[in-house]
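1. Kindly generate the corresponding structure for this input.
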Amino acid sequence: MIKRILLVVSLLVTSAVAGVVYLAWPDHARLDVAAVSGSSPRLTAPRPQAVPTIAVAKAVGWAKGAHPVAPAGLAVTAFASGFDHPRWLYRLPNGDILVAEANAPPRQGQGVVERVMEAVMARGGALTRSADRITLLRDQDGDGKAELRTTFLSGVRSPFGMAVVGDSLYVGATDALLRYPYRSGETRIRARPSVVVKYPGEAHWARNVVAAPDGKALFVTVGSGSNAGEAGPEADRGRALILRVDLATGTASPFAEGLRNPNGMAFEPQTRALWTVVNERDMLGSDLVPDYLTSVRQGDHFGWPWYYWGEHRDVRVQPDNLPVRARARRPDYALGPHVAALGLTFAQDADLGPAFSNGAFIGLHGSWNRRPPAGYKVVFVPFGPDGKPGAGVAAVDVLGGFLDARGQAQGRPVGVITDQAGALLVADDVGNVVWRVSRAGATARPARPEPQPQPQPRP
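-> Coordinates of the predicted model:
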């Protein structure tokens, strides 16, 4: 009995010491976020940390009548509210909107550090039980609000990405790509899914899914199992990559690797190149490493965990990997350190005015480990006629005000898409709202409840 008491006391003391360490020695940024952004970010010397800086904004939600703030000429309204951690959005062919309400699945075998981190994530509103649900929203009268709301799918293990190809709906659960029979206009799927491919789940749990323009393949993101390889190679086997799934054969193969935690993916409309946003590594200080937006080609390797931003070596990862160094690709555009870039969509369907007609909308979920905080907004990165951000181009704020005057999180943006009228929809997983950003005075458009013919893949 005495041994058990001593063990409990020891654990409590260890937890207390760990808590003091986390809170007593934060690293403060020495550069503005803008300096560590763009096509040529300023990368200073790393400041390695035994434990990360903790500076997560406390989640408080929106007061009645409050909402995010958009630039002049744009209006912000709630498309729908009352969700349970809405993370990702997808527009169906008839204009209906799917909302993935999900969070990380429970993890086993956690130590003291992991439990401290859980407490930090809970403060930031990022540790709720996963609803494991996909909800359908329909604007029936074209007023920019969803009148119809149904449970479209339930019981999916931490669902995230969604894509329709032909008569099938594909859903990225945390550990498997699932396929459901789908008919346009239906408001609920009751059929059991078939498993297309399995892949590692849980750690960096969100699995996004996008269909190739020709409909012949799907691309699936699989995040790493560690920060910078410290858990050993087995923890990251089959991770930190984008998979290409051939729909004709059902086989999956790595399309690009060395991506610590890719999330949003989309095809650039002019070049049809695949682009993604990636959450980079932590514990090198508040100024490193910038999360990024980049095009992705077959066979690319972006250096993780040995390298970041091309040739920059992470000396914490031993031994070195010279073959990776020889081919490590530098990303196209830095979004700033620790901003947690998640959502990504291009502007080809947007109707928000000339300033937002060619480029990428990106949801920055917000930092938990930088002083001062970074992210907590939606930005737009302008693209040039070559289908890339131009040199010296700066990101433009599209939706802000997620942090209140006390630095508390009223909301945190995640997935971003356009609706069929050209407005931007933003999933807010702390405010539990899907926000709609439109041109002031613009009219919405009702969804079509009847089934619509599905586009067939081109031969």
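2. What sits closest to Leu399 if chain neighbours are left out?
-> Val378 (3.9 Å; CB to CB, 6 or more residues apart in numbering). Using the backbone N, CA and C atoms, a C-beta is placed for each residue, glycine as well.
3. Next, the one you found: phi, psi?
-> Main-chain dihedrals, Val378, degrees, to the nearest 10: phi -110, psi 130.
4. Now do the strands in the stretch 1-150 of the chain.
-> 37-38, 74-81, 86-91, 97-101, 133-138, 148-154 (DSSP state E, counting those that start in this stretch).
5. re earlier: test of understanding: give the bridge partners of the residue nearest to Leu399.
-> Following DSSP bridges, Val378 is listed with bridge partners Gly363, Leu399.
6. Just give me the neighbour total for it.
-> When neighbours are counted by other CB atoms under 10 Å, Val378 registers 26.
7. Equivalent analysis for Gly299, please.
-> When neighbours are defined as other CB under 10 Å, Gly299 has 11 of them.
8. Show the pLDDT at it.
-> For Gly299, the model assigns a pLDDT of 98.
9. do the same with Ser15
-> pLDDT, Ser15: 51.
10. so Asn263 sits right up against Asn279, yeah?
-> Yes. If you go by CB atoms under 8 Å, Asn263 and Asn279 touch, sitting 6.9 Å apart.
11. Name the residue in the two with the higher neighbour count.
-> Asn263 (29 against 23).
12. For my notes, confirm the more buried one occurs in a helix.
-> No. Assessed by DSSP: H, G, I helix; E, B strand; the rest coil, Asn263 does not belong to a helix; its assignment is strand.
13. Now stretch 278-298: buried residues?
-> For stretch 278-298, burial by neighbour count (16 or more other CB atoms under 10 Å) applies to 278-296.
14. Look up how far Arg260 lies from the one residue sitting closest to the centre of the chain.
-> The chain has Leu342 as the residue nearest its centroid, 2.3 Å off, counting by CA atoms, centre = their mean. For Leu342, the distance to Arg260 (CB to CB, to the nearest Å) stands at 13 Å.
15. intersection of neighbour lists for these two?
-> Asn279 (CB atoms under 8 Å, 6 or more residues apart in numbering).
16. Now do the strands in the stretch 351-459 of the chain.
-> 359-364, 377-382, 396-399, 413-418, 424-428, 433-439.
17. what ranges of the stretch 301-450 of the chain fall below the confidence cut-off?
-> Low-confidence segments of the stretch 301-450 of the chain, defined by pLDDT under 70: 450.
18. And the helices in it?
-> Per DSSP state H, counting those that start in this stretch, the stretch 301-450 of the chain carries helices over the ranges 322-327.
19. Next up, the contacts around the residue nearest to Pro385 when sequence neighbours are not counted.
-> Leaving aside its chain neighbours, Pro385 sits nearest to Gln270 (7.5 Å; criterion: CB to CB, 6+ apart). By CB under 8 Å, 6+ apart, the residues touching Gln270 are 385-387.
20. of the residues you listed, buried ones?
-> By neighbour count, with 16+ other CB under 10 Å, the contacts of Gln270 hold Gly387 as buried.
21. Span of stretch 138-147 from start to end?
-> 6 Å (CA to CA, to the nearest Å).
22. List the buried residues of it.
-> Across stretch 138-147, burial judged by 16+ other CB under 10 Å covers 138-139, 144-146.
23. next one: that stretch to chain centre, how far?
-> From the chain centre to the centre of stretch 138-147 is a distance of 26 Å (CA atoms, centre = their mean, to the nearest Å).
24. Touching it from outside, list them.
-> Contacts to stretch 138-147, defined as CB under 8 Å, 6+ apart, come from residues 77-80, 95-97, 137, 148-149, 187, 419, 421, 423, 434, 436, 438, 443-447, 449.
25. Apply 7 Å and report the result again.
-> Defining contact as CB atoms under 7 Å, 6 or more residues apart in numbering, one finds that stretch 138-147 is touched by 77, 79-80, 96, 137, 148, 436, 438, 443-447.
26. next one: stretch 413-423
-> Under CB under 7 Å, 6+ apart, the answer for stretch 413-423 is 87-91, 95, 97, 342-343, 345, 349-351, 361, 363-365, 377-378, 399, 402, 424-429, 436-438, 444-445.
27. now the end-to-end length of that stretch.
-> 16 Å.
28. Likewise for stretch 160-170?
-> By CA to CA, the extent of stretch 160-170 from end to end equals 10 Å.
29. quick one on the thing from earlier: strands - which of the buried residues of stretch 278-298 land there?
-> 278-279, 290-296 (DSSP state E).
30. In PyMOL, select just the buried ones from the contacts of stretch 413-423.
-> Those of the contacts of stretch 413-423 that count as buried under 16+ other CB under 10 Å are selected in PyMOL with:
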select buried, resi 87+88+89+90+91+95+97+342+343+345+349+350+351+361+363+364+365+377+378+399+402+424+425+426+427+428+429+436+437+438+444
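31. isn't Gly238 right next to Lys198, touching?
-> No. Using CB atoms under 7 Å, Gly238 makes no contact with Lys198, being 9.7 Å away.
32. separation between the nearest residue to Ala355 once chain neighbours are set aside and Arg370?
-> The shortest distance from Ala355 to any non-neighbouring residue, by CB to CB, 6+ apart, is to Val396 (7.1 Å). Noted for Val396: a distance of 21 Å to Arg370, by CB to CB.
33. And Gly225, how far from Asp332?
-> 26 Å.
34. What sits closest to Cys291 if chain neighbours are left out?
-> Quick fix: residue 291 reads Asp, not Cys. That would be Ala341: by CB to CB, 6+ apart, it lies 4.4 Å from Asp291.
35. An error on my part: the question was meant for Ala328.
-> Ala328's closest residue in space is Gly303 (CB to CB, 6+ apart), at 3.7 Å.
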